[in-house]
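K.L.:
Sequence and predicted structure below; questions after.
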2 protein chains.
Amino acid sequence: MQPGPGSLILESGAEAATPSFSDDGKNTIASQLVSRLREAIISGELEAGSKINLDRAKQSFNVSLSPLREALARLISDGLVEFEDNRGYRVSPVSLSNLEEITSLREEFETYALRESMRVGDVDWEGNVMRALHRLNRTERDAAKPETLEQWEAVHREFHLTLISGCRKPLLLSFCKTMLNLNDRYRRTFLTRTSGDRNVSVEHSEIAQGTVARDMDYACDRLREHIHRTGTNLRRHLAEKGIA
Amino acid sequence: MQPGPGSLILESGAEAATPSFSDDGKNTIASQLVSRLREAIISGELEAGSKINLDRAKQSFNVSLSPLREALARLISDGLVEFEDNRGYRVSPVSLSNLEEITSLREEFETYALRESMRVGDVDWEGNVMRALHRLNRTERDAAKPETLEQWEAVHREFHLTLISGCRKPLLLSFCKTMLNLNDRYRRTFLTRTSGDRNVSVEHSEIAQGTVARDMDYACDRLREHIHRTGTNLRRHLAEKGIA
DNA sequence: TTTTGAAAAATCATCGATTATTTGTCAAGT
DNA sequence: ACTTGACAAATAATCGATGATTTTTCAAAA
């Protein structure tokens, strides 16, 4: 079970010199569980609102109780898990009002963080933005190939986080990360294709161009529209599936 | 052990019809620890930046390891505790830049939440605001009597949270709560008396009056100034103690 | 039929002991 | 004197078992 001496544990997807927002230097079982559980929830593998049975989870993840509980406790901060004394953990439910709040807060927080980034961001940051944009535009997204969806989600998330990564406000960044996580769960659960009347590539490019040009009003307006459109689309899909 | 038929279980400190932001219906050791640890950190009893030795903490709180680790894991979300694999937990350090970020985010988040509250808040909420103001104004704050400082902190916190409690955005409220916690740690650690040139009672009254009058610009401007002044005061005290 | 209450099952919470990792110490080699 | 590396102490992480609480089941009474 334990890796023998001399065996190497390769960290998945850790590329040097790439600012990574999904740190994978995780050593302990608890920390690995945080990543695995987060992915399981965001991807919809663990159903929204469902109770997390500790015995079953223990078995399915092949771990003991202590690291599992600790991992779940840490996930509360991400808003992905809820807890109640003597009633255990459950996956945070989805709802129309929750989606609407997430959309509103993304609009407020991310435009604020973007403005701050344009105010104090350095040239490295600008370069990171352009690189993230390029990668995003070169990443295919085909509803017929599920693995492209997953890859696109990662690159897309990276783009939005890079945009605001110049703001020098770590707390604000962690809030934005949380909101983005929650938002991505809705998209991955309810939205496999983009609405026909949108050209998302153009939207991203406009945001990035405005950003490196330090045109605060333009960039923030485009970003706000972008977030708002996604919210509207998602809301429609939720309504179709009859979610209040 | 089981309460007999007809007996009532009274929750400590739970006054009906009073919106409480410091829920104390905690049953389990882990949940009680979260409260105790949070208070210990905010009050400065646990020194900022210090490592939390699990063995010693275990003894001093008279608990076992599992609930202690779980409680600390939950406190990460409050920004009061940091964690690193195989290196354990430590109390989040204080710094000038951290204080400045907290002040900025409070200005942004709380004014946004206050505007939303004025937009959608109901009459109950208005009443709660006026009650919280009254209680705050009637609570003595004397640097010579430490117990009054503690009481004042609680009522003051309640006032600020009540102001924005009408916004119907639970995630936003939890973020504001977090920022307020972090801010209160700075005040309780570095500030025992108010700056002489301020009349804080008047500031609070103006904010509350503007709020129930639904004068968005006036109320938000007063609130922003209020937060900003506190930030400036704290910054000066940090500088005096030579904290970068 | 509905309600009640006690026993049983399921599940959560906690503990003490064991294992793994990191940190500190000190002597040997350069 | 400075670095290096092995050993020892301190500390963190995990496990399996035990204890406590909640939920479910089901039979008896209204």
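P.N.:
Nice, thanks for sending it over.

K.L.:
How about the contacts made by the spatially most central residue of chain A?
P.N.:
The residue lying closest to the centre of chain A (CA atoms, centre = their mean) is residue A:181, at 3.2 Å. With contact taken as CB atoms under 8 Å, 6 or more residues apart in numbering or on different chains, residue A:181 is in contact with A:38, A:42, A:78, A:79, A:80. For every residue, glycine as well, the C-beta is placed using N, CA and C.

K.L.:
Please report how far it lies from chain B.
P.N.:
12 Å (CB to the nearest CB, to the nearest Å).

K.L.:
do residue A:126 as well
P.N.:
Counting by CB to the nearest CB, the gap from residue A:126 to chain B is 22 Å.

K.L.:
do residue A:207 as well
P.N.:
Counting by CB to the nearest CB, the gap from residue A:207 to chain B is 20 Å.

K.L.:
In which helix or strand does the nearest residue to that residue once chain neighbours are set aside reside?
P.N.:
In space, and not counting its chain neighbours, residue A:207 is closest to residue A:222: 4.7 Å by CB to CB, 6 or more residues apart in numbering or on different chains. Residue A:222 is located in helix A:216-240, with elements delineated by DSSP states H and E.

K.L.:
And the contacts of that helix?
P.N.:
Residues from elsewhere that reach helix A:216-240 (CB under 8 Å, 6+ apart): A:94, A:96, A:99-100, A:102-103, A:106-107, A:110-111, A:114-115, A:118-119, A:163, A:183, A:186-187, A:190-191, A:194-195, A:198, A:203-204, A:206-207, A:210-211, A:213.

K.L.:
Just the buried residues of these.
P.N.:
Buried members of the contacts of helix A:216-240, counted by 16 or more other CB atoms under 10 Å in any protein chain shown: A:94, A:99-100, A:102-103, A:106-107, A:110-111, A:114-115, A:118, A:163, A:183, A:186-187, A:190-191, A:194, A:203-204, A:206-207, A:210-211.

K.L.:
For residue A:73, which residues are in contact?
P.N.:
Here residue A:73 is in contact with A:83, B:70, B:73, B:74 (CB under 8 Å, 6+ apart).

K.L.:
Over to residue A:33?
P.N.:
A:61, A:63, A:67, A:68, A:70, A:71.

K.L.:
tell me, which of those make contact with DNA strand D?
P.N.:
Among the contacts of residue A:33, the residues that sit close to DNA strand D (CB under 7 Å from any atom of the strand) are A:63, A:67, A:70.

K.L.:
quick one: buried residues of the helix or strand hosting the second one?
P.N.:
It refers to residue A:67. Secondary structure assignment for residue A:67, by DSSP H and E: helix A:65-75. By neighbour count on 16+ other CB under 10 Å, the buried set for helix A:65-75 is A:67, A:68, A:69, A:70, A:71, A:72, A:73, A:74, A:75.

K.L.:
Can you report phi and psi for the residue lying closest to residue A:93 once chain neighbours are set aside?
P.N.:
Excluding its sequence neighbours, the residue lying closest to residue A:93 (CB to CB, 6+ apart) is residue A:49, at 3.6 Å. Backbone torsions of residue A:49, given as degrees, to the nearest 10, read phi 80, psi -10.

K.L.:
quick one: average pLDDT of stretch A:70-90?
P.N.:
Across stretch A:70-90, the average pLDDT comes to 93.

K.L.:
what's the answer for stretch A:104-115, then?
P.N.:
Mean pLDDT, computed over stretch A:104-115, is 98.

K.L.:
how many other residues sit next to residue A:57?
P.N.:
Neighbour count for residue A:57, taken as other CB atoms under 10 Å in any protein chain shown: 20.

K.L.:
Please tell me how far it sits from residue A:91.
P.N.:
Residue A:57 sits at a distance of 11 Å from residue A:91 (criterion: CB to CB, to the nearest Å).

K.L.:
Ok, residue A:103 next?
P.N.:
20 Å.

K.L.:
ok and the residue in chain A nearest chain B?
P.N.:
residue A:77 (2.8 Å; CB to the nearest CB).

K.L.:
Correct me if wrong: that residue contacts residue B:79.
P.N.:
No. Using CB atoms under 8 Å, residue A:77 is not in contact with residue B:79, being 9.1 Å away.

K.L.:
where along chain A do the strands fall?
P.N.:
Here chain A has its strands, by DSSP state E, at A:51-52, A:81-84, A:88-91.

K.L.:
To residue B:168, which of the ones you listed lies closest?
P.N.:
strand A:81-84 (18.5 Å; CB to CB).

K.L.:
can you tell if that closest one touches DNA strand D?
P.N.:
No. With CB under 7 Å from any atom of the strand as the criterion, DNA strand D is not reached by strand A:81-84; the gap is at least 8.5 Å.

K.L.:
buried sites along that strand?
P.N.:
Buried residues in strand A:81-84, counted by 16+ other CB under 10 Å: A:81, A:82, A:83.

K.L.:
thinking again about what came up before, from residue A:202, how far off is the residue nearest to residue A:93?
P.N.:
36 Å.

K.L.:
Near DNA strand D, which residues of chain A? Just list them.
P.N.:
When proximity is defined by CB under 7 Å from any atom of the strand, chain A lies next to DNA strand D at A:28, A:29, A:30, A:63, A:64, A:65, A:66, A:67, A:70, A:86, A:87.

K.L.:
Return the residues of chain A in contact with chain B.
P.N.:
A:25-28, A:31, A:66, A:69-70, A:73-74, A:76-77, A:79, A:83, A:85-86, A:97-98, A:101-102, A:104-105, A:108, A:112, A:168-172, A:175, A:179 (CB under 8 Å from any CB of the partner chain).

K.L.:
which among those residues are in contact with DNA strand C?
P.N.:
Okay, of those touching DNA strand C (CB under 7 Å from any atom of the strand), that's A:27, A:66, A:69, A:85, A:86.

K.L.:
how much space between the closest residue to residue A:156 other than its chain neighbours and residue A:226?
P.N.:
The shortest distance from residue A:156 to any non-neighbouring residue, by CB to CB, 6+ apart, is to residue A:136 (6.0 Å). Residue A:136 is 12 Å from residue A:226, where distance means CB to CB.

K.L.:
Give the residues shared as contacts by these two.
P.N.:
residue A:204.

K.L.:
Let me see the contact set for residue A:118.
P.N.:
A:166, A:211, A:214, A:216, A:219.

K.L.:
Kindly report the same for residue A:115.
P.N.:
A:216, A:220 are the contacts of residue A:115 under CB under 8 Å, 6+ apart.
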